[in-house]
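Enquirer: Turn this into a structure:
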Amino acid sequence: MNNVPQNGRIAGLILAGGSGQRMNGRDKGLLPWHGQPLIAQVAARLRPQVNTLYISCNRNIAEYAGYADRVFSDAPGYGGPLAGLYSLPAATAPLLLLTPCDTPLVPRDLATTLLQALEATPHADIAYATAEGSSHYLHALLRHRALATLPAYLAAGGRAVKGWYARQHVVTAEFDAAYFLNCNTPDSVD
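Expert: Numbers count the residues shown, from 1 in each chain. The predicted structure follows:
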């Protein structure tokens, strides 16, 4: 069941470009959780919510290719999740749904809930998830125009998602905290 009308409005981006430092160097998105790679579970939940699905990864590109319409690597010289966002090939969709590869229970209504928050605040460029007082900056819906400010932020040495958002017009949407189970340590995967 699709949560988003298939009219080209929303593209999706799964961030899987990390170095796996907390996972002893292993590629986090390909690690198993409940019998399937994390990327398989995240992609299955995100795919019905978007028209085109991208994955940003810096290794194992062939393995990731089966889960997205397009896979790409981060531009050299930038680290962290914003590097994947910065490296996104030109997308024609006016909205971009963002999620990391290590949250296998990503909400099935992430796009629609964030879109409602964004549309309720027309001057906002980014809507991101919150749950029980915690901010989940990488679970976000961005208007394409917000991406225009990213190169200058990175060129000035900015790397934190929170710092970039602080320069934007943002709005939040509340979700149940269970959706944001984060598998980022060796004992959190099978």
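Enquirer: For the rest of this, base every contact and every neighbour count on C-alpha atoms.
Expert: Will do.
Enquirer: So residue 41: helix, strand or coil?
Expert: Under DSSP: H, G, I helix; E, B strand; the rest coil, residue 41 falls in the helix class.
Enquirer: mind listing what it touches?
Expert: 104, 105 (C-alpha atoms under 8 Å, 6 or more residues apart in numbering).
Enquirer: Residue 40 too?
Expert: By C-alpha under 8 Å, 6+ apart, the neighbours of residue 40 are residue 67.
Enquirer: I'd like the next helix or strand past the longest strand belonging to the chain.
Expert: If you go by DSSP state E, the chain has its longest strand at strand 134-143. Moving toward the C-terminus from strand 134-143, the next helix or strand (DSSP states H and E) is helix 150-155.
Enquirer: For the helix or strand that that next one is followed by, buried residues please.
Expert: As assigned by DSSP H and E, the chain's next helix or strand after helix 150-155 is helix 161-165. Residues of helix 161-165 classed as buried: 164, 165 (neighbour count, 16 or more other C-alpha atoms under 10 Å).
Enquirer: Which residues does helix 161-165 contact?
Expert: Contacts for helix 161-165 (C-alpha under 8 Å, 6+ apart): 81, 82, 126, 137, 138, 150, 153, 158.
Enquirer: if we can go back for a sec, give the other helices and strands that the longest strand of the chain contacts.
Expert: In terms of contacts (3 or more C-alpha pairs under 8 Å, 6 or more residues apart in numbering; DSSP states H and E), strand 134-143 is packed against strand 95-100, helix 110-120, strand 126-131, helix 161-165.
Enquirer: so which of the ones you listed comes closest to residue 173?
Expert: strand 126-131 (5.1 Å; C-alpha to C-alpha).
Enquirer: Show me where this protein dips below the pLDDT cut-off.
Expert: 1-7, 18-26, 77-78, 184-190 (pLDDT under 70).
Enquirer: can we see that at 80?
Expert: 1-8, 17-26, 75-79, 90-92, 183-190 (pLDDT under 80).
Enquirer: which of the contacts of helix 161-165 has the most neighbours?
Expert: Using other C-alpha atoms under 10 Å as the neighbour test, these are led by residue 126, with 28 neighbours.
Enquirer: That one contacts residue 139, correct?
Expert: No. Using C-alpha atoms under 8 Å, residue 126 is not in contact with residue 139, being 10.4 Å away.
Enquirer: shared neighbours of those two, anything?
Expert: With C-alpha under 8 Å, 6+ apart, residue 126 and residue 139 have no common neighbours.
Enquirer: Compute the number of surrounding residues for the nearest residue to residue 130 once chain neighbours are set aside.
Expert: Nearest residue to residue 130, sequence neighbours excluded (C-alpha to C-alpha, 6 or more residues apart in numbering): residue 174, at 4.8 Å. Using other C-alpha under 10 Å, residue 174 is surrounded by 17 other residues.
Enquirer: what's the answer for residue 73, then?
Expert: There are 18 residues near residue 73, going by other C-alpha under 10 Å.
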